[in-house]
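**Student:** mind folding the following:
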Amino acid sequence: MAEMVANAIAQEGHIVCHATLGTDAPAICAGFAAHSNGRTASLALRLARARVLHTVWVHVDTRKVES
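**Tutor:** So this is what the prediction gives:
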């Protein structure tokens, strides 16, 4: 996990929420968005803070996520 976070930060990217993979609305992982370095490094999150991108908060029903 630490390597995934480090790679996303290095590439100014983000991590997709595992619960939204394969859905019509893949989302940025809330944990990554809350990460102090992740939220400042991610281009998508910076654009959302600048209101260039529209942000929609989605609550995922984790009961439907397979382990």
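
**Student:** for this protein, what's the longest helix?
**Tutor:** When the chain is parsed with DSSP state H, its longest helix is helix 2-10.

**Student:** who's in contact with the helix or strand just after that helix?
**Tutor:** For helix 2-10, the succeeding helix or strand toward the C-terminus, using DSSP states H and E, is helix 30-34. Helix 30-34 is contacted from outside by 5, 8, 14-15, 17, 38-39, 42, 45, using C-beta atoms under 8 Å, 6 or more residues apart in numbering. To be clear about C-beta, it is placed using only N, CA and C from the backbone, and glycine gets the same treatment.

**Student:** quick check: buried residues in helix 30-34?
**Tutor:** 32-33 (16 or more other C-beta atoms under 10 Å).

**Student:** please state the offset of it from the chain centre?
**Tutor:** 6 Å (C-alpha atoms, centre = their mean, to the nearest Å).

**Student:** what mean pLDDT does it get?
**Tutor:** In this model, helix 30-34 has a mean pLDDT of 92.

**Student:** next SSE after it?
**Tutor:** Heading C-terminal from helix 30-34 (DSSP H and E), you reach helix 36-41.

**Student:** what helices or strands is that following helix leaning on?
**Tutor:** Applying 3 or more C-beta pairs under 8 Å, 6 or more residues apart in numbering; DSSP states H and E, we find helix 36-41 packed against helix 2-10, helix 30-34, helix 43-49.

**Student:** circling back to that earlier point, and the contacts of the longest helix of the chain?
**Tutor:** Helix 2-10 is contacted from outside by 13-15, 32, 35, 37-38, 41-42, using C-beta under 8 Å, 6+ apart.
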